[in-house]
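[1] Turn this into a structure:
(chains A and B)
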Amino acid sequence: MKIGVLALQGAFAEHIATLEKLKTEAIPVRLPHQLEGLDGLIIPGGESTTITKLMVHYKLKNKIIELAKQGFPIFGTCAGMIVLAGELSSAGGVKPTGVMDIKVNRNAFGRQVESFESEISIPAIGKKPITGVFIRAPLIESVGKEVEVLARLSDGTIVAARQGNLLVCSFHPELTDDTRFHQYFLDIVRGKI
Amino acid sequence: MKSTAPVNCRSVNFAAGGVATPADAALMMQLGADGVFVGSGIFKSSKPSVMAKAIVKATTHYTDAKIIAKVSKNLGEAMPGLSAKQIPPDQLMAGRGW
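    Sure, this is the predicted structure:
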């Protein structure tokens, strides 16, 4: 199984390391032809303005939209969730791909100093909570009826969701040693769940 | 340079200082930096916006010589360097060196 990691900017090296820990071949994707032959794609956290601009410039955006509509598995973390969003409530010039029926608020928790960690319960990956690392994180304000909410903060804020082949989370699972959320994505890719 | 620590157990390393062209930024990445900070290299160039975009693209595609060459065209003047020899003695911070 080959998983691409969009490597335009952001935490792509950490995602590649996590995939390798799960004995999965990880391919950095910077140009459209590198999307060929992949079984899934991770869009990492980083700076959503930079990532979306480079996606347009290097003709990756339309190709990724096309793949998403064909049922190709895509996992967006933090800025990657912004990229997949159907709508942004605070776009600031960022144009998302619009493929997932979620409304996302960028920088929802405030500026860099408001970044935090929180134990999050995600029943889909097991009983033990996962440590969510939220770095200038976005949140999901609302979801469409095709979207399954996977995790919330204690105040009810939605921080992880799935819509068929599309998986998103506000936090950075690639920055901890816990590989269960990546494993969950790989299970989606394998068609197990 | 080859990092021996697992990538998500180490400090992120950014290169900064004296990066004046897209090729400089790509070189930093090839030497193992995780990212590049550029201040004066953009603001002291003759076309800051054009230079900034080119440096971003060269950093992303740091192993792709064709893209680095392409983005390096028509950038105007890069940040000028200043040789220590050109600085009058009374303005030098130290008399050592050359």
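[2] Show me what counts as buried in the helix or strand harbouring B:Met28.
    Element membership for B:Met28 (DSSP states H and E) is helix B:22-30. By neighbour count on 16 or more other C-beta atoms under 10 Å in any protein chain shown, the buried set for helix B:22-30 is B:22-29. To be clear about C-beta, it is placed using only N, CA and C from the backbone, and glycine gets the same treatment.
[3] Enumerate every residue touching residue 59.
    Using chain A here. Listed by C-beta atoms under 8 Å, 6 or more residues apart in numbering or on different chains, the contact partners of A:Lys59 are A:Pro32.
[4] Actually, chain B is the one I wanted.
    B:25-26, B:29, B:35-36.
[5] How about the residues of chain A by chain B?
    Residues of chain A lying near chain B by C-beta under 8 Å from any C-beta of the partner chain: A:7-9, A:13-14, A:16-18, A:21, A:30-31, A:50, A:54, A:57, A:174-177.
[6] Over to A:Val5: give its phi and psi.
    Here is the backbone geometry of A:Val5 (degrees, to the nearest 10): phi -130, psi 120.
[7] Which stretches in chain A count as helices?
    Taking DSSP state H, the helices of chain A run over residues A:12-21, A:48-57, A:61-69, A:79-84, A:180-189.
[8] which among the buried residues of helix B:22-30 gets closest to A:Ile120?
    Checking those against A:Ile120 by C-beta to C-beta gives B:Met29 as the nearest, at 33.5 Å.
[9] Tell me which of the helices of chain A lies nearest to B:Thr60.
    Using C-beta to C-beta, the helices of chain A put helix A:48-57 closest to B:Thr60, at 6.1 Å.
[10] Now mean pLDDT and mean neighbour count too, for the helices of chain A, in a markdown table please.
    Supplementary listing: these in a markdown table, determined by pLDDT from 0 to 100; neighbours: other C-beta atoms under 10 Å in any protein chain shown:
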| stretch | mean pLDDT | mean neighbour count |
| --- | --- | --- |
| helix A:12-21 | 96 | 22 |
| helix A:48-57 | 96 | 19 |
| helix A:61-69 | 98 | 17 |
| helix A:79-84 | 98 | 29 |
| helix A:180-189 | 98 | 20 |
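[11] Out of the ones you listed, flag the one nearest B:Ala16.
    That would be, of those and by C-beta to C-beta, helix A:48-57, which comes in at 17.4 Å.
[12] Just send the helices of chain A back as TSV, with distance to B:Gly95 too.
    Shown next, in TSV, are those (distance: least, C-beta to C-beta, whole Å):
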stretch	distance to B:Gly95
helix A:12-21	44
helix A:48-57	44
helix A:61-69	56
helix A:79-84	49
helix A:180-189	57
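[13] Now do the same contact list for B:Met29.
    Here B:Met29 is in contact with B:15, B:35-36, B:59, B:62 (criterion: C-beta under 8 Å, 6+ apart).
[14] Okay, and which of the residues you listed map to strands?
    B:15, B:35-36 (DSSP state E).
[15] Is B:Ser49 in a helix, a strand, or coil?
    Three-state assignment for B:Ser49 (DSSP: H, G, I helix; E, B strand; the rest coil): helix.
[16] okay, now it: neighbour count?
    Around B:Ser49 there are 9 other residues, counting by other C-beta atoms under 10 Å in any protein chain shown.
[17] quick one, phi/psi of the nearest residue to A:Gly110 once chain neighbours are set aside?
    If the residues on either side of it in the chain are set aside, A:Gly110 comes closest to A:Arg136, at 7.8 Å by C-beta to C-beta, 6 or more residues apart in numbering or on different chains. For A:Arg136, the backbone dihedrals (degrees, to the nearest 10) come out as phi 40, psi 50.
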